[in-house]
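Visitor: I need the structure of the sequence given here:
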Amino acid sequence: MAQNSRAIGMKSFGDRLREARTASGMTQEQLGFALGVTKASISAWENGRETPSFRVLPELRNALKRSLDELICGVGPTSTIKPHDGDTAELRAGSVHERTLLVRFRALTAKKREAFLEILKP
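Guide: Predicted coordinates for the structure are as follows:
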């Protein structure tokens, strides 16, 4: 299945993990040490032979400074955010933090949104 997802242009978890690790300037050995696992485990994750346990995911997020949405689902700072509540244009978040704010803002009730926007007024 990993080959099939690559054929249609989708990155696998292993690909995203490798990219995040190298972007962080870490070797497999360094990441493994940070997570309390072996270099072989990191290699197996990156090559799609195994997946990390749930207990490791929060540590993985912290070590790579990436959201789990980005690592697991491929939803990251350059992901398109779909229009919501009458928005007509797609939006692009500039960072993971902006995306998180937008997603959480959209989850608020209309009244809480209005209160939040009032706080932001100059």
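
Visitor: can you map out the strands along this protein?
Guide: 80-81, 91-92 (DSSP state E).

Visitor: which of those strands has the lowest average pLDDT?
Guide: Looking at those, the lowest mean pLDDT belongs to strand 80-81 (a mean of 48).

Visitor: residue contacts, I42?
Guide: L17, R21, Q28, E29, L31, G32, L35 (CB atoms under 8 Å, 6 or more residues apart in numbering). All C-beta atoms are positioned from the backbone trio N, CA, C, and that covers glycine.

Visitor: do the same with K111
Guide: Going by CB under 8 Å, 6+ apart, the list of residues near K111 is empty.

Visitor: distance check, it against L117.
Guide: Taking CB to CB, to the nearest Å as the measure, K111 falls 11 Å from L117.

Visitor: nearest the geometric middle of the protein, what residue?
Guide: Closest residue to the average C-alpha location of the chain: E70 at 1.4 Å, with CA atoms, centre = their mean.

Visitor: which intervals of this structure have sub-threshold pLDDT?
Guide: For the chain, the stretches with pLDDT under 70 are 1-9, 76-94.

Visitor: could I get the full set of helices for it?
Guide: 2-7, 13-23, 28-35, 39-46, 57-64, 68, 96-107, 110-120 (DSSP state H).

Visitor: let me have the ones you listed in JSON lines, extended by distance to V75.
Guide: Listed next are the helices of the chain as JSON lines, based on distance: least, CB to CB, whole Å:
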{"stretch": "helix 2-7", "distance to V75": "15"}
{"stretch": "helix 13-23", "distance to V75": "10"}
{"stretch": "helix 28-35", "distance to V75": "21"}
{"stretch": "helix 39-46", "distance to V75": "19"}
{"stretch": "helix 57-64", "distance to V75": "13"}
{"stretch": "helix 68", "distance to V75": "9"}
{"stretch": "helix 96-107", "distance to V75": "8"}
{"stretch": "helix 110-120", "distance to V75": "22"}
